[in-house]
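[1] The sequence isn't on hand, but the structure is:
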């Protein structure tokens, strides 16, 4: 956070701490503050809840469990940290991080009053979290990330301190795409949680850029004519290793493929395949990779094959990605797709493309997170068990082909992330299948 902005925010919340936040919240609206906790029966001390300046209740979606370490960014008077500490007790603990000494004093007093011992409050910036890498299971925050000048830095720090498989669960303000410049430039609106808010697309881009996946953003209520409060959830990928597929993997690859066939979520195929039938996939020149985890073995795979044998399509690959049922929701699909794209580019391909069942929302999300675009839909493209299926066409341009898209200002506006002023966005789940077979 730039020093002038940080000081403005610090002064605003130091004053709020001194006044004990008289129930109006950070923006002087009932859309903020302790009243939001009432219907959830939140288990924090009354004084901490009364002093809340948040726009939601992040602990309601954090799925906290005994033994976990929880970090609360911008912990304020301590309400969410105290709730977290109680929910991860007796063997877990909560850490509240705040840059305002007045808020830290208030939070510590509230912890003593509530009799909560497994919580500590430390001073620091959310853009430079004073904790070691991989030491936190869950990061929460309540209407704070929008206050940071460098939100990408905040999310990178979140990814750094999370353990593999760790979770982000925050309440924050999401700006409407049409938020006007006057609102954006108003410092009162910034320190009031509105002007600095990201749009949904910008938030998703920043989370993906930090290496966080399985992103879910859900609006909860309006807080301004140009903004809404929302819950934002994401996860750091588990400790997965990506490597070329080998003959010893074929049995597991077939098992994962057959799960996708049985679930009817990823392919028009309905007949299970044997490892011997898939052995030919190992002989091609195109990349074929697996994601493996220590103690669990292969959890997913992805491969690229020829799109067509016609020379006009040289350089175009058709891909598939599948994730084991037990591993869905851990980010393996996105990691496989991103690595497959990188390998395909190095192997001379300029495009990867496939079809995804329109109702396979998890695979579509994994593709988007890995830089693929949805470029069309094929209605009633085929039948599975007599049911018509629509397919979404997904593709990712690679290397110079990706750069060529931005040869005009209009194309640049379409393909570049909204927070990039120049240059271009070059090449860089659930049932993770793409319906290619």
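    Yep, that arrived. Keep in mind the model is a prediction, meaning the values are calculated, not measured. Residues are numbered from 1 along each chain as shown.
[2] Just give the number of residues close to residue 219.
    If you count neighbours by other Cβ atoms under 10 Å, residue 219 ends up with 12. The way it works is simple: take the backbone N, C-alpha and C, and place the C-beta from them, glycine included.
[3] That one belongs to a strand, doesn't it?
    Yes. Residue assignment for residue 219, taken from DSSP: H, G, I helix; E, B strand; the rest coil, places it within a strand.
[4] what pLDDT does it get?
    You'll see residue 219 listed with a pLDDT of 92.
[5] now swap in the one 10 residues further on and tell me
    Note for residue 229: predicted pLDDT of 90.
[6] Equivalent analysis for residue 284, please.
    Residue 284 carries a pLDDT value of 81.
[7] for the closest residue in space to it that isn't next to it in sequence, what are its contacts?
    With Cβ to Cβ, 6 or more residues apart in numbering as the measure, residue 305 is the residue that lies nearest to residue 284, at 6.4 Å, once sequence neighbours are left out. For residue 305, the contact set (Cβ atoms under 8 Å, 6 or more residues apart in numbering) comprises 281, 284, 286, 317-320, 436.
[8] And those residues, which of them are buried?
    Buried members of the contacts of residue 305, counted by 16 or more other Cβ atoms under 10 Å: 281, 286, 317-320, 436.
[9] can you list those in JSON lines and add distance to residue 123 and secondary structure?
    JSON lines is the format used below for the buried ones among the contacts of residue 305 (distance: Cβ to Cβ, whole Å; DSSP: H, G, I helix; E, B strand; the rest coil):
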{"residue": "281", "distance to residue 123": "55", "secondary structure": "helix"}
{"residue": "286", "distance to residue 123": "53", "secondary structure": "coil"}
{"residue": "317", "distance to residue 123": "51", "secondary structure": "strand"}
{"residue": "318", "distance to residue 123": "53", "secondary structure": "strand"}
{"residue": "319", "distance to residue 123": "48", "secondary structure": "strand"}
{"residue": "320", "distance to residue 123": "50", "secondary structure": "strand"}
{"residue": "436", "distance to residue 123": "53", "secondary structure": "coil"}
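[10] Provide the count of other residues in contact range of residue 280.
    Look at residue 280: counted by other Cβ under 10 Å, it has 8 neighbours.
[11] picking up where we left off before, who is the residue nearest to residue 284 paired with across the strands?
    residue 318 (DSSP bridges).
[12] quick revisit: now the buried ones among the contacts of residue 305 in CSV, with distance to residue 82?
    Shown next, in CSV, are the buried ones among the contacts of residue 305 (distance: Cβ to Cβ, whole Å):
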residue, distance to residue 82
281, 53
286, 54
317, 52
318, 53
319, 48
320, 48
436, 50
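[13] Looking at the residues you listed, spot the one nearest residue 261.
    residue 320 (11.9 Å; Cβ to Cβ).
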